[in-house]
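Novice: With the sequence up front, the predicted model follows.
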Amino acid sequence: MIEVRDLTKRFGDKLAVDHLSFDVAPGRVTGFLGPNGAGKSTTMRLILGLDRPQSGTATIDGLRYDQLHRPLCTVGALLEAKAMHPGRSAYQHLLFLAASQGLPRRRVNEVVSLVGLTAVAHKRTRTYSLGMSQRVGIAAAMLGDPRVLLLDEPVNGLAAEGRTIFVSSHLMNEMAVTADHLIVIGKGKLIADGPTQEFIERSSERSVLVRSPQAAALTELLAAEGGKVTAGPGNGGQPGPLTVTGLAAPRIGEIAAGRGIVLHELTPQLASLEEAYMELTAGSVEYAVTGHPPGPAAASAPGPAAVPAPTASGAEGSNP
Amino acid sequence: MTTTSPATRPATGPDSPAPDRRVGFGRLLLTEWIKIRSVRSTLWTLAIFVVVSVGLTTLLTWLTMRAFRAGQADARSAQIANDPVGFILGTGLGLGQLAICVLGALVITAEYSSGTIRATLLAVPRRLPVLIAKCVVFAALVFVVAEIVSFACFYIGAALVHSRFQVSLSQPGVTRAVIGSGLYLTVLGLFALAIGALIRHTAGAITTVIGLVLVVLPLTSLLPYSWGAHIHAYAPTIAGQLITQDKLQQSGQLLTPWQGFGVFCAWTALLLIVAAYLLRRRDA
């Protein structure tokens, strides 16, 4: 169990981590999501005692990292890949780490073969590719067979297998398939903390695709009921599909039935997690690229509201 | 690997040879020893130290003795006639000491430039014992090598001047000067290590240490009045070098050899304390 409480870290006048609190529950993969520059790496470095926080605490099973007796046997961490001396062999790098924890040489051989580096373990790491360096990092993280893993932006999928795994990423889809639980931060602040399944369900119910020959009439009805309707391009004489947000599929069906409107299709849309995540963090992207040309229209407030979402009236006006 | 069920995983790893206990200091010494011997820069700088020190001592003593025998009355000849031991210990080791400065700085700055410091501090998060273990291992290594080189320089030099000057360890101050040369180089290495720990950049640290040893501190001799003389006498390496000299270099010396060595140790300790304080406070 990792407990982060009111953690704050300032670099100069930039607040990298802003009174952040969350728990990482044991025995599962917790995804740590946020745009680049959100403070994910800094938070991990604070948990690991590498950076000193301005305030707040981070504990692992109730202990600060520097209170752990043999830290590598409790926590394995994979930060940046090339954190080793280029003139030292991977074997010697792992050997000094093993010596510091009182682990036998046998364990070094085990992790070296675990990551498939036996053939090159005695070569200096300056000759290694990025992938090989990363494997040395994984071997170092697994050296003490820790029950907690902290992985900063790794590439491959994971299975918890009884461990507590805290893994950061800026890619939602990567996390959607690996993490059981998600913690999302932006600009150093907590944005969301919940099970991955909940994220998926919440974002799935967000929109419904509706096809109807009486699209115009249905649009008016749904708008009156509080739904936001976006019309897709028509096909020949047929009106285009409608994308409805703010109303659940059963409710749309009831409204249509109540007025005798024929529906050809009524499909809850599995809006991609990536879209949900982009919207969630839209207001907190540190280095956003703004596509809007400067002008009065672009002067509207930033945040989710600025995402182009034509309403019913706007969509009708643009429809021939 | 383990048959323990996830829910009841023990607090220690399954490979634990012993119950969980703190990383002992002996383990830290072993860790630092593996680190220092597993990079080639250690071997190279020590090899350069040995070759430059022994080589230059041999070459310069031989050349100067040849000039002396030929009756040339230059400054070198006067120096070797006046203080043969001081000449022998002052030439090769005077340049060789720069290799020790480089190694001292490199031992800590290479950890920062390569990122090894993060691996180190993840393994041993209590930072003060890491610095102490590093100092102990490095000092022990330099001490052994520097004493061997000091004695080698002395015996080679003594053999080369043998035809004109009798030089032996039994003469007053000579044994102290030879052993003292090794002690001075050991503390010099720690002095460089402390500056490396403060600056954390290889080039900056090496430039600073060598600039201090070769330029800034010797130049304090130009300071006027008695306060200038005091600053010069108490400057770290100037005071430290007193222990490497068997005879007084000038009249009115403010410190005895051992006092000078004490002053050098005090400077080095001060820098190490500041380095330790910053190591504990700064982000790694």
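Specialist: Yes, it's here.
Novice: chain center to the least confident helix or strand in chain B by mean pLDDT, what's the gap?
Specialist: Sorted by mean pLDDT, DSSP states H and E, the helices and strands of chain B end with helix B:75-82, the least confident at a mean of 82. In terms of CA atoms, centre = their mean, to the nearest Å, the centre of helix B:75-82 is found 28 Å from the chain centre.
Novice: Check stretch A:133-140 too.
Specialist: Distance, stretch centre to chain centre, for stretch A:133-140: 23 Å (CA atoms, centre = their mean).
Novice: which residues sit against that stretch?
Specialist: A:72, A:76, A:78-79, A:81-84, A:90, A:93-94, A:97, A:111-112, A:114-117, A:125, A:128, A:154-155, B:119 (CB atoms under 8 Å, 6 or more residues apart in numbering or on different chains). Just so you know, the C-beta spots here come from the backbone N, C-alpha and C atoms, and that holds for glycine as well.
Novice: Which positions in the stretch 151-284 of chain B make contact with chain A?
Specialist: The stretch 151-284 of chain B comes close to chain A at residues B:281-284, as judged by CB under 8 Å from any CB of the partner chain.
Novice: Any of these buried? List them.
Specialist: Listed as buried from those are B:Ala284; burial here means 16 or more other CB atoms under 10 Å in any protein chain shown.
Novice: What helix or strand is the residue nearest to the spatial centre of chain B located in?
Specialist: Closest to where the C-alpha atoms of chain B average out (CA atoms, centre = their mean) is B:Gly189, at 2.4 Å. Following DSSP states H and E, one finds B:Gly189 within helix B:174-199.
Novice: Report all helices and strands that that helix contacts.
Specialist: For helix B:174-199, the elements it packs on are helix B:84-114, helix B:127-161, helix B:202-211, helix B:236-240, helix B:257-281, judged by 3 or more CB pairs under 8 Å, 6 or more residues apart in numbering or on different chains; DSSP states H and E.
Novice: among the ones you listed, which is nearest A:Pro26?
Specialist: Within the helices and strands packed on helix B:174-199, the stretch nearest A:Pro26 is helix B:127-161; the backing value is 28.1 Å (CB to CB).
Novice: Report the mean confidence score over that closest one.
Specialist: For helix B:127-161, mean pLDDT is 96.
Novice: what does stretch A:262-275 give?
Specialist: Average pLDDT, stretch A:262-275: 77.
Novice: First residue to last residue on it, what's the distance there?
Specialist: 30 Å (CA to CA, to the nearest Å).
Novice: What about the nearest residue to B:Val136 once chain neighbours are set aside, how many residues nearby?
Specialist: Leaving aside its sequence neighbours, B:Val136 sits nearest to B:Leu29 (CB to CB, 6 or more residues apart in numbering or on different chains; 6.3 Å). When neighbours are counted by other CB atoms under 10 Å in any protein chain shown, B:Leu29 registers 18.
Novice: is it true that B:Leu29 touches B:Cys135?
Specialist: No - using CB atoms under 8 Å, B:Leu29 is not in contact with B:Cys135; the gap is 10.7 Å.
Novice: quick one: buried residues of the helix holding B:Gly189?
Specialist: Residues B:174, B:176-199 are the ones in helix B:174-199 that count as buried (16+ other CB under 10 Å).
Novice: same thing with stretch A:212-219?
Specialist: A:212, A:215, A:218-219.
Novice: dump the residue contacts of A:Gly62.
Specialist: The contact partners of A:Gly62, by CB under 8 Å, 6+ apart, come to A:1, A:3.
Novice: got it, and B:Leu131?
Specialist: Contacts here follow CB under 8 Å, 6+ apart; on that basis B:Leu131 touches B:197, B:272, B:275-276, B:279.
Novice: just for the stretch 151-284 of chain B, where's the confidence low?
Specialist: Low-confidence segments of the stretch 151-284 of chain B, defined by pLDDT under 70: B:249-252.
Novice: Any idea how many residues pack against the closest residue in space to B:Thr220 that isn't next to it in sequence?
Specialist: Excluding its sequence neighbours, the residue lying closest to B:Thr220 (CB to CB, 6+ apart) is B:His232, at 4.1 Å. Neighbourhood size, B:His232 [other CB under 10 Å]: 18.
Novice: Just to check, B:His232 is in contact with B:Ile238?
Specialist: Yes - using CB under 8 Å, B:His232 is in contact with B:Ile238, at 5.9 Å.
Novice: got any residues that touch both of those two?
Specialist: Going by CB under 8 Å, 6+ apart, residues that sit against B:His232 and also against B:Ile238 are B:220-221.
Novice: hang on, the earlier thing: now tabulate the residues of the stretch 151-284 of chain B next to chain A in CSV and tack on distance to B:Thr208.
Specialist: Listed next are these as CSV, based on distance: CB to CB, whole Å:
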residue, distance to B:Thr208
B:Arg281, 21
B:Arg282, 18
B:Asp283, 22
B:Ala284, 21
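Novice: looking at this, A:Pro213 is in a helix?
Specialist: No - with DSSP: H, G, I helix; E, B strand; the rest coil as the criterion, A:Pro213 is assigned coil and is not in a helix.
Novice: And the pLDDT at the closest residue to chain B within the stretch 151-300 of chain A?
Specialist: Closest to chain B within the stretch 151-300 of chain A is A:Gly162: 2.6 Å, counting by CB to the nearest CB. Looking at A:Gly162, its pLDDT reads 73.
Novice: Count the neighbours of B:Leu222 for me.
Specialist: Number of residues near B:Leu222 (other CB under 10 Å) recorded here: 8.
Novice: Just list the residues touching it, thanks.
Specialist: B:Gly228.
Novice: Am I right that A:Asp152 is in contact with A:Leu79?
Specialist: Yes - between A:Asp152 and A:Leu79 there is a contact under CB under 8 Å: 5.0 Å.
Novice: Which secondary structure state is assigned to the residue of the stretch 151-300 of chain A closest to chain B?
Specialist: A:Gly162 - assigned by three-state DSSP - is coil.
Novice: Check the one 4 residues further on too.
Specialist: The local conformation at A:Phe166, judged by three-state DSSP, is strand.
Novice: circling back: please enumerate the shared neighbours of A:Asp152 and A:Leu79.
Specialist: Residues touching both A:Asp152 and A:Leu79 (CB under 8 Å, 6+ apart): A:41, A:44.
Novice: how close does A:Ser168 sit to A:Leu151?
Specialist: Computed as CB to CB, to the nearest Å, the A:Ser168 to A:Leu151 distance reads 7 Å.
Novice: do A:Val210 as well
Specialist: The spacing between A:Val210 and A:Leu151, counted by CB to CB, is 42 Å.
Novice: what do you get for B:Gln259?
Specialist: For B:Gln259 relative to A:Leu151 (CB to CB), the value is 56 Å.
Novice: So if I had to pick from those two, which one is more boxed in?
Specialist: More neighbours surround A:Leu151 than the other of B:Gln259 and A:Leu151, with 24 against 16 (other CB under 10 Å).
Novice: a strand runs through the more buried one, doesn't it?
Specialist: Yes - counting by three-state DSSP, A:Leu151 is located in a strand.
Novice: Mind listing the residues bridging to it?
Specialist: A:Leu78, A:Val167 (DSSP bridges).
Novice: List the residues that contact the nearest residue to A:Leu46 once chain neighbours are set aside.
Specialist: Excluding the flanking residues, the one nearest A:Leu46 by CB to CB, 6+ apart is A:Pro53, at 5.1 Å. For A:Pro53, the contact set (CB under 8 Å, 6+ apart) comprises A:7-9, A:17, A:46.
Novice: in which helix or strand would I find A:Pro53?
Specialist: A:Pro53 is located outside every helix and strand, with elements delineated by DSSP H and E.
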